[in-house]
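Student: Compute the structure for the input listed below.
(one chain, ligands or ions: 1)
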Amino acid sequence: MSPSTPTPAWTRVCTVDDIPALGARRVHRPQGAEVAVFRAADDHVFALLDRCPHKGGPLSQGMVFGHSVACPLHNWTIGLDSGCAQAPDEGCTPRFSVKVEDGQVYLDAEELNRLALDDTPCQG
Ligand code: FES
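Tutor: Residues are numbered from 1 along each chain as shown. Okay, here's the model as predicted:
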């Protein structure tokens, strides 16, 4: 018997239809910056910290294209599956695990409670 289980404790945050197509919905956390949950044209759902790795722009207000988002401030392209800026720009924002089941979107409760709580931009 294992003393700890690797199975994430998924917490439901919204439905896929709650997320605007090619847009995002913000998930508030009691502590730490908000998380942006994105919906791509193919209905893939991604979650990143709602802070651009450049100067902290709100990625949730950016335009989604393919599996990327264009930051609304200076138009950097951030990969939704990696959280990283497209070259020649550099830097990554924290990425959160997502599960979609029966049209419901879940995030990992442990990650929500742990990742990027200090709001420090990631220098990836
Ligand atoms: S803050 Fe996102 S591109 Fe500058």
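Student: Ile78 against Asp50, yeah?
Tutor: No. Using C-beta atoms under 8 Å, Ile78 is not in contact with Asp50, being 11.2 Å away. To be clear about C-beta, it is placed using only N, CA and C from the backbone, and glycine gets the same treatment.
Student: Now list whatever residues contact both of these two.
Tutor: By C-beta atoms under 8 Å, 6 or more residues apart in numbering, Ile78 and Asp50 have these common neighbours: Leu59.
Student: Distance of Glu110 relative to Asp42?
Tutor: 28 Å (C-beta to C-beta, to the nearest Å).
Student: Look at these two and report which has more neighbours.
Tutor: A side-by-side neighbour count of Glu110 and Asp42, using other C-beta atoms under 10 Å, places Glu110 first with 13 against 7.
Student: For Leu112, give me the backbone phi and psi.
Tutor: phi -60, psi -30 (degrees, to the nearest 10).
Student: excluding its backbone neighbours, what's nearest it?
Tutor: Nearest residue to Leu112 in three dimensions, chain neighbours excluded: Arg29, at 5.8 Å (C-beta to C-beta, 6 or more residues apart in numbering).
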